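# requesting a structural model of the entry that follows:
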Amino acid sequence: MTEKIRVLHVTGPSEGGMRTHLTSLVERLDRDRFEVVVASPEDACVKACLERCGGRHEAIIIPDGLALSRDMAGVVALARLIRATRPDVCHFHGFKAAALGRAAARLLERTRSLSWPAASHGPSPGLARRPAIVYTVHNSVLQRTRGTPEGRLCAHVERALARLTDRVIAVSRALWEEYSSIPGLGPRKVRHVPNGVALERFPDNGEPSLGRTPERAARARAALGCRRDAVLVGTVARLVPEKGIALLLHALAYLRKLGLRPEVIVAGDGPARADLEALAGTLGVSEQVRFLGFVDDIASFYAALDGFVLPSLSEGLPLSLIEAMVAGVPVVASRTAGTEEVVGPGMGFLAAPGDHVALAMCLKELILRPNEAGRMAENAREEARRRFSIEGMVRATQEVYVEAMSEREKPGR
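Residues are numbered from 1 along each chain as shown. Just a heads-up that it's a prediction; the model follows:
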């Protein structure tokens, strides 16, 4: 019997889009071909996903920020895990997990502990082989930190570890171009695989605004504790500075001067939550904004909204924005490379990144021109459903695993 390909996914704290990406992928990998292990911090959502699909969880800490002693401890812990798990593919998600994971692979290589007998599914059964290394870039750390000491260090890390990388998955075309230019990677090693959405969560039979009927919106608002007659705008994000929630709060304060007071709900959590709640009080918008934390029924969340806003300062390919579009919600977003790849002409309102006045003006347009916003939402819904299916993402990722394993079998690898 042909043995399954064992894939070890490694990620740091992954609230928000990265966690949705990971769990959607893990649940849908072909179980006849792939065996899954996920190494991450303790996460009930990830563990529940693995229970459903027969995978295994290993608790591990990927430290935030740069701290030499903690990072070295992380490298050693990952090296031990890779050696114990004996994967065919190591799939690292995000810059920090990929940096520590590839350093761990290098440590095992130098100590001659990285090779083990191949499973019968490999290109050369029975020969010693090493795990293929795949790295998904979800956002551009290099772009966000360019020109800073941290940015120069990150760029050096990517160049230094390129040789150990068999394939990079870039979730956006902009990230594909950026990583294809790194020496040691190049276009041959980098694949563009857009994020995908589980379309079955947002049913469609070709009718406009299906799933966002007044009746369902009223039920969803009641469940969320929102007024039925309010103009309701929402966002889904990990609460960290680069997601731009502070910018959104400043935009709301500006809209108050224009006599517009939409109600705003924020789904998601993170280390900046307390600071953002304090800022809302300082700006005088606390009564308009509620921080909900993690929302389990995200489809109902979108059904409640009159508009969705994504004020990020930097994005790879924003999954929450794609979800909102698939759900038929009018969207406002910052004009980053990732959002421009998702929101084409006539599909939503885009504002200059970091400009709270421009963001406020886009929200004003969404509020005061609901018919136009609805037409844009319908255009966006059709395009998003066509381009961003989860099935396409999973199929392309499985092909990358096979490519990466073949790359690892080449002489001198």
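# contacts and neighbour counts: CA atoms only from here.
Will do.
# what's the mean pLDDT across stretch 75-88?
Mean pLDDT, stretch 75-88: 93.
# where does the stretch 201-350 of the chain have low pLDDT?
Scanning the stretch 201-350 of the chain for pLDDT under 70 picks out 203-212.
# and the helices in it?
Taking DSSP state H, counting those that start in this stretch, the helices of the stretch 201-350 of the chain run over residues 214-224, 245-257, 273-283, 298-303, 319-326, 337-342.
# just checking, what packs against the third one?
Yep, that's helix 273-283 we're talking about. In terms of contacts (3 or more Cα pairs under 8 Å, 6 or more residues apart in numbering; DSSP states H and E), helix 273-283 is packed against helix 245-257, strand 289-293.
# quick one: it to chain centroid distance?
With Cα atoms, centre = their mean, to the nearest Å as the basis, helix 273-283 stands 25 Å off its chain's centre.
# buried residues in that helix?
273, 276, 277, 279, 280 (16 or more other Cα atoms under 10 Å).
# and for the first one?
In terms of neighbour count (16+ other Cα under 10 Å), helix 214-224 has its buried residues at 217, 218, 219, 220, 221.
# so what's the third one up against?
Think residue 219. residue 304 (Cα atoms under 8 Å, 6 or more residues apart in numbering).
# and residue 344, how many neighbours?
Other residues lying near residue 344 total 15 when counted by other Cα atoms under 10 Å.
# one step back: and residue 225, which of the helices and strands packed on helix 273-283 is closest to it?
Smallest distance to residue 225 across those (Cα to Cα): 10.0 Å, for strand 289-293.
# would you indicate which residues of the closest one are buried?
Neighbour counts over strand 289-293 (16+ other Cα under 10 Å) mark 289, 290, 291, 293 as buried.
# how close does the second one sit to residue 154?
Applying Cα to Cα, to the nearest Å, the value for residue 290 to residue 154 is 35 Å.
# just to revisit the earlier point, for residue 175, state which of the buried residues of strand 289-293 is nearest.
Ranked by distance to residue 175 (Cα to Cα), the buried residues of strand 289-293 are led by residue 293 at 29.2 Å.
# quick one, phi psi at residue 190?
Dihedral pair for residue 190: phi -110, psi 130, per degrees, to the nearest 10.
# got the contact list for residue 329?
By Cα under 8 Å, 6+ apart, the contact set of residue 329 is 302, 303, 305, 306, 307, 308, 374, 377.
# for stretch 387-396, buried residues please.
For stretch 387-396, burial by neighbour count (16+ other Cα under 10 Å) applies to 388, 389, 390, 391, 393, 394, 396.
# mind giving me the domain split of the protein?
5-196+390-408, 199-387 (automatic domain parsing).
# which residues of the stretch 51-200 of the chain fall in strands?
56-59, 89-93, 116-117, 128-129, 132-137, 167-170, 190-192 (DSSP state E, counting those that start in this stretch).
# nearest to residue 356, out of those strands?
Nearest of these to residue 356, taken as Cα to Cα: strand 132-137 at 27.8 Å.
# give me the contacts around that closest one.
Applying Cα under 8 Å, 6+ apart, the external contacts of strand 132-137 come out as 88-95, 98, 102, 164-171, 175, 316, 401, 404-405, 407-408.
# ok, now with 6 Å
Here strand 132-137 makes contact (Cα atoms under 6 Å, 6 or more residues apart in numbering) with 89-94, 165-170, 404-405, 408.
# thanks again, I'm all set now.
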